[in-house]
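Visitor: take a look and give me a structure for this.
(one chain, ligands or ions: 1)
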Amino acid sequence: MIDSYGSQDLSNISNNIFSKLKNKKIITNGEYCKLFEKKISRLVNSKYTVVCNNGTSALMMSLLALNKKKIIAIIPNINFVASANIISLLKGKIILCDVNRKTGMVDLNSFKKILEISKKKKIKPNIFIPIHYGGNVMDLSMIKKLCFKNNIDIIEDGCHSFNSSKIIRKKKVIVGSCQFSKITTFSFHGVKNITTMEGGAVTTNDKKIYSKLILLRSHALKKTKINDPYKMLYPTLNFRMCEMSALIGLQQIKMIDKFKKKRNIIVNSYLNKFKKFEKYFKPLNFKEKNIFWHLFVIQLNNSKNKGVFMKNLKSKKIGTQVHYKPLYRHLSYRNNILINDYANSNFFYKHQLTLPLHTRMSLKNVDYIVKNIKKILLNKNL
Ligand SMILES: Cc1ncc(COP(=O)(O)O)c(C=O)c1O
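Guide: Prediction:
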């Protein structure tokens, strides 16, 4: 149960879910997908939602929907590979932004520096894709102003932070409401806070973008006459979600309050117990009750022993993970990027460790993890 840092929780999915689809005419992108979209919009406070087959597709559709001749995108260096891979496939240019050492999210000063350097080099970034890391909600208010001034569109990667919200500058900010962006993307992969097995969604308040996303999701086909089945407007792919996934998503949505509460209880237990461990590591604390915690992250004071620490935890069947390796360290991106500074990204990468956090865990599991961490730290003198 705790041999992985995250896990799906399908305990509320009824065994006869398949019977709802047996006699349906349409089993993909049908009525359950539409209902799932409505529920997502209501939850995150967006005008429109387009569901799709995973979070990577959600990012790909979003980048295509913004219709840039050549994509020049600023993305965080501490990042999953999805956005960088898509930009590369679309023959765009990647600019890596350093992160804040304490949050792992884009640092405002680094962002400003990138704009200065870009100006000097006569490069015009046109898209920015920040990540709301680990369930946290990033403050995008200042960056939004800079982006507006410089004609940069924002796509929020909300894959870690579905339904998370936080009071920022006295205002409630819900990830997905697109208060600071054109588009937000989500993933419903098994390890995320709610799952459709594979799945994703894009939210927006812009009707034109919404209409474009609908076309992009399904080969951009427009029905014409009965004897001419469809007109293809431009090349795209099949990003559709199936009805089975939407049905699972609808049932998962009903569990959100329970899931959120349980994750909060586990996090609070960790935070309390780890107060005595400050000599060895500090946990990231997002400090708000409406956060839908995705990752429980600690930062080791001494990064040299991280490998030994992880190995020892593994031998006790405690799964850990590193989120993430800075993108410039991947061979494919080493020579194909613009980068300003990566000192903080490297620091974050070297010291960061994700411990198990999911709703199938019990407080007894937390006790077991804490007890073993204590043993390993003392015995191995880490
Ligand atoms: C931050 C981030 N963006 C994008 C993705 C891609 O989502 P998916 O795996 O559903 O394609 C992930 C998935 O792990 C992610 O963590």
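Visitor: tell me which other helices or strands the helix or strand hosting P229 touches.
Guide: Element membership for P229, per DSSP states H and E: strand 228-232. With contacts taken as 3 or more C-beta pairs under 8 Å, 6 or more residues apart in numbering; DSSP states H and E, strand 228-232 sits against strand 221-225. For the C-beta atoms, the positions are set from N, CA and C on the backbone; glycine is no exception.
Visitor: shaky segments in the stretch 251-382 of the chain?
Guide: Confidence mapping of the stretch 251-382 of the chain against pLDDT under 70 gives the ranges 336, 380-382.
Visitor: ranges for the helices of this protein?
Guide: Here the chain has its helices, by DSSP state H, at 31-44, 55-65, 82-89, 108-120, 141-149, 207-216, 243-253, 256-273, 306-315, 331-334, 343-351, 363-379.
Visitor: quick check: buried residues in stretch 305-313?
Guide: Going by neighbour count (16 or more other C-beta atoms under 10 Å), the buried part of stretch 305-313 is 305-306, 309-310, 312-313.
Visitor: using PDB, write out the CA atom coordinates for it.
Guide: Output of stretch 305-313 as PDB, limited to C-alpha atoms (Å, rounded to 0.1, in the frame of the first residue of the first chain):
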ATOM      1  CA  ASN A 305      22.800  10.700   1.400                       C
ATOM      2  CA  LYS A 306      19.600  10.900  -0.600                       C
ATOM      3  CA  GLY A 307      20.300   7.700  -2.600                       C
ATOM      4  CA  VAL A 308      21.100   5.700   0.600                       C
ATOM      5  CA  PHE A 309      18.100   7.100   2.300                       C
ATOM      6  CA  MET A 310      15.800   6.100  -0.600                       C
ATOM      7  CA  LYS A 311      17.400   2.600  -0.800                       C
ATOM      8  CA  ASN A 312      16.800   2.000   2.900                       C
ATOM      9  CA  LEU A 313      13.200   3.100   2.700                       C
END
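Visitor: could you list the residues in contact with it?
Guide: 300, 319-320, 350-351, 353, 372-373, 376-377, 380, 382 (C-beta atoms under 8 Å, 6 or more residues apart in numbering).
Visitor: state the pair within those residues that is farthest apart.
Guide: K350 and N372 (22.4 Å; C-beta to C-beta).
Visitor: ok so, going back, the inter-axis angle of the strand holding P229 versus helix 207-216?
Guide: Going by axes from the mean of the first three to the mean of the last three C-alpha atoms, to 10 degrees, strand 228-232 is angled at 120 degrees with respect to helix 207-216.
Visitor: within the sheet, what are the partner strands of strand 228-232, with directions?
Guide: Strand 228-232 has its sheet partners listed here by DSSP bridges as strand 221-225 (antiparallel).
Visitor: ok, and what's touching the partner strand?
Guide: Under C-beta under 8 Å, 6+ apart, the answer for strand 221-225 is 215, 229-233.
Visitor: between the residues you listed, which is closest to the ligand?
Guide: L215 (20.8 Å; C-beta to the nearest ligand atom).
Visitor: and the closest one, what does it touch?
Guide: By C-beta under 8 Å, 6+ apart, the contact set of L215 is 221-222, 233, 236.
Visitor: surely S41 is in contact with V50?
Guide: No - using C-beta atoms under 8 Å, S41 is not in contact with V50; the gap is 10.1 Å.
Visitor: between these two, which one's more packed in?
Guide: When neighbours are counted by other C-beta atoms under 10 Å, V50 comes out ahead of the other of S41 and V50, with 27 against 19.
Visitor: so S4 versus I369, what's the distance?
Guide: S4 is 13 Å from I369, where distance means C-beta to C-beta, to the nearest Å.
Visitor: ok, the two, which is more surrounded?
Guide: I369 (22 against 15).
Visitor: tell me how many other residues surround the closest residue to that one other than its chain neighbours.
Guide: Once flanking residues are discounted, I369 sits nearest to I318: 5.6 Å by C-beta to C-beta, 6 or more residues apart in numbering. Using other C-beta under 10 Å, I318 is surrounded by 21 other residues.
Visitor: what's the answer for L357, then?
Guide: Around L357 there are 24 residues (other C-beta under 10 Å).
Visitor: what sits opposite the nearest residue to it once chain neighbours are set aside in the beta ladder?
Guide: Residue nearest to L357 in three dimensions, not counting chain neighbours: F296, with 3.9 Å by C-beta to C-beta, 6+ apart. In this entry, F296 is beta-bridged to L355, by DSSP bridges.
Visitor: so P125 touches I117, yeah?
Guide: No - using C-beta under 8 Å as the test, P125 is too far from I117 to be in contact (10.3 Å).
Visitor: between these two, who's got more neighbours?
Guide: Legend: neighbour count by other C-beta under 10 Å for P125 and I117, higher for P125 (21 against 15).
Visitor: can you pull the contacts of the more buried one?
Guide: For P125, the contact set (C-beta under 8 Å, 6+ apart) comprises 72-74, 95, 114-115, 118, 150, 152.
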